[in-house]
Structures are given as C-alpha cells and as structure tokens.
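Peer 1: Please find the sequence and the predicted model below.
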Amino acid sequence: MSVEDQKVADQWARLIEAVARHQDRSAFAQLFGHFAPRVKTFMLRSGAGEAGAEELAQETLLAVWRKAALFDPSSGGAAAWIFTIARNLRIDAVRRDRRGRAREASDIDAEFLVDDQPHPDSALAASQADERVRAALAALPAEQMRCIELSFYQEKPHAEIASLLGIPLGTVKSRLRLAMDRLRGLLGEPS
C-alpha cells in the first residue's frame, strides 16, 4: 500500500474512532458520504434491487454508527470492515427473503420482522468473514490482486489502473472479472 493510500486508510480509521468515542456526527457524515454510494453499488452488483440496495447501504452505515467501538484498525482497514458489514447484511437479507417466501405474511406479527438489536455473535461472524476474505484474496494471482487492490481499495477508475500498470484497459477488466469469479468460488458464493 502506498503512503497516500495509507493516509486515506488512516483518515477513515480516525473518523470511525471519532464516531466511537464522541458520537461525532460530522465524522459520521463524512463516512456516510463516501461509503454509502459505494455500498449501494456493491449491493446492486450483488443482485439487490434499487430500493433494497439503498436500504442495505443505509443499514450498513447505521451499523457502522452503532458498532464503531468494535472497529479494530489493525484488522484490515475501515473499507474492509464496512464492506464486511455490508456483505453480512446482504446475506441476512437474502435469508430473510427466502424464509419470508416459505411462510405466509399473515403468520408473522409485524413487530417481529425488524430486529434492531445487534447479534451477540456479530463481531465473531465479522471476524470470521474477514479472515475468509483475506484468505481468498491471498489465493489470487499477483496481477489480479493488484487490479483488485487498485479498483476496490484505492477506488481507481479502470482507465487509470491500465495507465498505472502499463496494460490495456481490456486486460484490467478481464483481470478484475477473473478475480471476482475466483473470489466468488473461493467464498462459496453464487456467480
């Protein structure tokens, strides 16, 4: 990770720390402004509809507000932590949807549909998910990992990645697609 990238990662970590220690609304607003659109895009790419993606993005950032004290900057950075929360919420939403289709809505009291309490094992689940993602990323070929790092962690446009690496734009896109397919396979997610 370059010095510039480390500075950005440290900035996000400091903002999360400010939310955890002081419930700093300004810090949270910065986090929300940066990560909410990216989480929404992630949800759309994961198959969520427009409204569902928006809702899951908001749920993710709400969880960041509530769980900021659980963030460990040495565990992989703010972006990885936030996207792990997002991924777990997406999995929960898919499971709820599957269960909901199996039952009649009249069989469920509306008050039981929303559970705002954090799950006791959520920190453990997040840690385990983070470890799985790290292991899957480590299994990628170096050139695919570099493209993933530049695209998702440094948020560079594909054209800029091609320029930085001195490769054609199509090669960047191909490496990203291959890397994502491989990650899905390694993580046991449907394509």
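Peer 2: Sure, I can see it. Computed from a prediction, not measured in an experiment: that's the story for all the values here.
Peer 1: Tell me which helix or strand the residue nearest in space to the middle of the chain sits in.
Peer 2: Centroid-nearest residue in the chain: Phe83, 1.3 Å away (criterion: CA atoms, centre = their mean). Taking DSSP states H and E as the definition, Phe83 sits inside helix 78-102.
Peer 1: now that helix, how far from the centre of its chain.
Peer 2: Helix 78-102 sits 10 Å away from the centroid of its parent chain (CA atoms, centre = their mean, to the nearest Å).
Peer 1: Quick one: mean pLDDT over that helix.
Peer 2: The predicted model assigns helix 78-102 a mean pLDDT of 87.
Peer 1: Equivalent analysis for stretch 148-162, please.
Peer 2: In the prediction, stretch 148-162 has an average pLDDT of 89.
Peer 1: show me the residues around Leu169 that make contact.
Peer 2: 158-159, 162 (CB atoms under 8 Å, 6 or more residues apart in numbering). For the C-beta atoms, the positions are set from N, CA and C on the backbone; glycine is no exception.
Peer 1: Looking at these, which is nearest Leu56?
Peer 2: Distance to Leu56 across the contacts of Leu169 (CB to CB) is lowest for His158, with 24.9 Å.
Peer 1: Please look at the closest one and Ser151 and confirm they touch.
Peer 2: Yes. When contacts are counted by CB atoms under 8 Å, His158 is listed as touching Ser151 (7.0 Å).
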